[in-house]
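Colleague: Quick one, structure for this:
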Amino acid sequence: MKIICLGDSLTFGYQVSREEKWHVIAEEKTGIQMINRGVSGDTTDGMRNRIQKQVFNAKPDGVILMGGYNDIFFNHSWECAAQNMITMVDQSSANGLQVFVAIPPPIHLPVTFKEGGVVVNFKKSAGMIEAYCQWLRDDPALSRIKALDFRAAIDWTDKDLYLDGIHQSPAGHRQMADRVISFFKMG
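Modeller: Numbers count the residues shown, from 1 in each chain. Reported below is the predicted structural model:
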């Protein structure tokens, strides 16, 4: 089985070595080929623009879609991310792919991430992120899709799981990998 992981820096594994990234660890343990197509700083608009070339043209068996935080950070809203996720889920299903929507880890305040030059109110964004992740779980348009919930069974209050409050440390990636492994074992 071949799965493409499409997303932003949380998919890419910002500032973590390749062998420590969640998808690499999960691939080694499950035997499922997981191709990382995460792009740091990307929004769901960017993901939607990349999906044909990086996912559909690659002819995988499935796709994990994880994005939306940058939409919230930069656009101060999650509604566009929600619509883009529905569009990508529908397109992926129409292309015969098994679709998994990933619910990303929460951000851990205070955030110490300083790159990008954009003023982001991380405290306000954290509230919008919670609303967005709840929508990912509950929206009827996504109810037919199995959610890969990276919040389930992981204690994200442990600051050692983060590099900067947004991006996961190697220990955080191991936790995410364990979640992927159990997710695919449960079928």
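
Colleague: can you give me the strands for the protein?
Modeller: Remark: strands assigned in the chain by DSSP state E are 2-7, 33-38, 62-66, 98-103, 146-149.

Colleague: Which elements pack onto the fourth one?
Modeller: Put plainly, it is strand 98-103. For strand 98-103, the packing partners by 3 or more Cβ pairs under 8 Å, 6 or more residues apart in numbering; DSSP states H and E come out as strand 2-7, strand 62-66, helix 79-94, helix 122-138, strand 146-149. For glycine as for every other residue, the C-beta is placed from the backbone atoms N, C-alpha and C.

Colleague: now the ones you listed in JSON lines, with distance to residue 56, mean neighbour count and mean pLDDT?
Modeller: Below are those laid out as JSON lines (distance: least, Cβ to Cβ, whole Å; neighbours: other Cβ atoms under 10 Å; pLDDT from 0 to 100):
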{"stretch": "strand 2-7", "distance to residue 56": "9", "mean neighbour count": "24", "mean pLDDT": "98"}
{"stretch": "strand 62-66", "distance to residue 56": "9", "mean neighbour count": "24", "mean pLDDT": "98"}
{"stretch": "helix 79-94", "distance to residue 56": "8", "mean neighbour count": "18", "mean pLDDT": "96"}
{"stretch": "helix 122-138", "distance to residue 56": "22", "mean neighbour count": "16", "mean pLDDT": "94"}
{"stretch": "strand 146-149", "distance to residue 56": "20", "mean neighbour count": "17", "mean pLDDT": "93"}
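
Colleague: Nearest approach to residue 47 belongs to which of these?
Modeller: The closest of the helices and strands packed on strand 98-103 to residue 47 is strand 2-7. By Cβ to Cβ, the value is 5.5 Å.

Colleague: Starting from the closest one, tell me which strands it pairs with and how they run.
Modeller: strand 33-38 (parallel), strand 62-66 (parallel) (DSSP bridges).

Colleague: Let's have those in CSV, adding distance to residue 23.
Modeller: What follows is these, written out as CSV (distance: least, Cβ to Cβ, whole Å):
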stretch, distance to residue 23
strand 33-38, 4
strand 62-66, 8
